[in-house]
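Sequence below, structure please.
(one chain, ligands or ions: 1)
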Amino acid sequence: MTTADVHRSGFACLVGRPNAGKSTLTNALVGEKVAITSGRPQTTRHTIRGIVNRPDAQLVLVDTPGLHRPRTLLGERLNDLVRDTLTEVDVIVFCVPADQKVGPGDRYIASQLADLTRGRRGTPVVVAVTKTDTVPRDRVAEQLLAVSALGDWADVVPVSAVRGQQVDVLTDVLVGHLPDGPELYPGGELTDEPESVMVAELVREAALEGVRDELPHSLAVVVDEIVPRTRADGSPRPAGDELLDVRVDVYVERDSQKAIVIGRGGSRLRDVGTRARTGIEALLGSRVYLDLHVKVAKDWQRDPKQLRRLGF
Ligand SMILES: Nc1nc2c(ncn2[C@@H]2O[C@H](COP(=O)(O)OP(=O)(O)OP(=O)(O)O)[C@@H](O)[C@H]2O)c(=O)[nH]1
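I've put the predicted structure just below:
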């Protein structure tokens, strides 16, 4: 990795009405398909859509559950969702397409953002005028004026995600709003790994923390299941109160290693669970009940049958 004098890091979320170009812009900012492997997530409730890695900055793009979904966008929950988002991200990107007149949907979101940022230390809102390749330049200019009149924005940036025009400028502007800080996701790798693999990796990382020397390669993690918790009668829990049951088996080779992982009176395992859960909640975008079981599979590293069972 290249070193830079100052390193910044933080979170951004993209908002805007349906079809505004949020997903396409997310992909253009990140530059490839998204998902994380592991790391030390610093946020809860938000699913990570992508990570922009530069020598001088790491920008984590998060999703607010519901906010990107057309059906709930104008719903009652918007206020709460936006409020939560504002308290947890460093910068908000409000996407307004260049090829459609500013409409009631945009005005509604603008007023919500204004209400919620007013009088606070103020999460900055950057407006991205999207899809600039679809209209003539004078139309872009008009749209820039129209959106500027909608609110008190930190910046307004025209961008074409499809052509890759101005994407770097937007990245620079967003990075400019991040606080100084180290990489939130060390390595910042992106992968298409299924969620269960990433959950296993988060548990493995947490379980190894501080005891790597004692348990270097003797630890395997298998996700048994990830299921939504239901009410006693089997019906889904109410919106906003969802909970995922995540059951995970941690395999070690010897009883002595099991004792290390569990710790005195189970204290260490509780810490491992707490640490891993924070990351899993960020990854899955939901509250999680994490059920960890430590099991001994003798000499699993040397036994092909065991290895297969453990997913190697
Ligand atoms: N020409 C052009 N089309 C774009 C651009 N960005 C997005 N689009 C198109 O606009 C449409 C909507 O883009 P999305 O990125 O799915 O929009 P979204 O805001 O994520 O949509 P929702 O998921 O419905 O909220 C798609 O057909 C995209 O291909 C752009 O920069 N130029």
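
Poorly predicted segments of the stretch 201-312 of the chain, please.
For the stretch 201-312 of the chain, residues meeting the criterion pLDDT under 70 lie at 216, 299-312.

change it to 80
Low-confidence segments of the stretch 201-312 of the chain, defined by pLDDT under 80: 210, 212-213, 215-218, 239-240, 282-283, 285, 298-312.

Would you state the strands of it in chain order?
Taking DSSP state E, counting those that start in this stretch as the criterion, the stretch 201-312 of the chain contains strands spanning 220-228, 243-252, 287-296.

Could you single out the most deeply buried of the ones you listed?
strand 243-252 (a mean of 20; mean count of other C-beta atoms under 10 Å). To be clear about C-beta, it is placed using only N, CA and C from the backbone, and glycine gets the same treatment.

give the contact list for S160.
S160 is in contact with T130, K131, T132, D133, Q166, V167, counting by C-beta atoms under 8 Å, 6 or more residues apart in numbering.

out of these, which is most surrounded?
T130 (30 neighbours; other C-beta atoms under 10 Å).

and that residue, what does it touch?
Here T130 is in contact with G16, A20, G21, T24, L25, C95, V96, P97, A98, V159, S160, A161 (C-beta under 8 Å, 6+ apart).

Starting from the ligand, give me the distance back to it.
In this view, T130 and the ligand are 5 Å apart by C-beta to the nearest ligand atom, to the nearest Å.

And for the residue nearest to that residue when sequence neighbours are not counted, the neighbour number?
Leaving aside its chain neighbours, T130 sits nearest to G21 (3.7 Å; criterion: C-beta to C-beta, 6 or more residues apart in numbering). By the criterion of other C-beta under 10 Å, G21 has 24 neighbours.

now do the one 10 residues further on
Using other C-beta under 10 Å as the criterion, G31 is surrounded by 14 other residues.

picking up where we left off before, ChimeraX command for the buried members of the contacts of T130?
Buried residues within the contacts of T130, by 16 or more other C-beta atoms under 10 Å, are selected in ChimeraX with:
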select :16,20,21,25,95,96,97,98,159,160,161
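
so which of the contacts of T130 also contact the ligand?
G16, A20, G21, T24, S160, A161 (C-beta under 6 Å from any ligand atom).

Now do the third one, the pLDDT please.
Same thing as G21. What the model reports for G21 is a pLDDT of 89.

Could you do the one 10 residues further on as well?
Looking at G31, its pLDDT reads 75.

Within the helices and strands, which one has the residue lying closest to it once chain neighbours are set aside?
Distances taken as C-beta to C-beta, 6+ apart put V52 closest to G31, at 7.7 Å, once the chain neighbours are dropped. For V52, the host element (DSSP states H and E) is strand 47-54.

Give me the contact status of that strand with the ligand.
No. Judged by C-beta under 6 Å from any ligand atom, strand 47-54 stays clear of the ligand, getting no closer than 10.2 Å.

Report the mean per-residue pLDDT for that strand.
For strand 47-54, the per-residue pLDDT averages 77.

Walk me through which strands it pairs with, and which way each runs.
strand 57-63 (antiparallel) (DSSP bridges).

Alpha carbons of the strand it pairs with, as PDB, please.
Written as PDB, here are the backbone C-alpha positions of strand 57-63 (Å, rounded to 0.1, in the frame of the first residue of the first chain):
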ATOM      1  CA  ALA A  57      -8.800   7.600   1.700                       C
ATOM      2  CA  GLN A  58     -11.300   4.900   2.200                       C
ATOM      3  CA  LEU A  59     -14.900   5.800   1.500                       C
ATOM      4  CA  VAL A  60     -17.500   3.200   2.500                       C
ATOM      5  CA  LEU A  61     -20.800   3.500   0.700                       C
ATOM      6  CA  VAL A  62     -23.700   2.200   2.800                       C
ATOM      7  CA  ASP A  63     -27.300   1.500   2.100                       C
END
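
which of the residues in it are buried?
A57, Q58, L59, V60, L61, V62, D63.

what's near enough to touch the third one?
Meaning L59. L59 neighbours (C-beta under 8 Å, 6+ apart): S9, G10, F11, A12, L29, I51, V52, T171, L174, V175, L178.

from the contacts of T130, which two are the most distant?
Taking C-beta to C-beta as the measure, the contacts of T130 span a maximum distance of 15.3 Å, between G16 and S160.

Distance from the chain centre to the helix or strand that V157 is a member of, please.
Secondary structure from DSSP H and E places V157 in strand 155-158. Its chain's average C-alpha position is 24 Å from that of strand 155-158, according to C-alpha atoms, centre = their mean, to the nearest Å.
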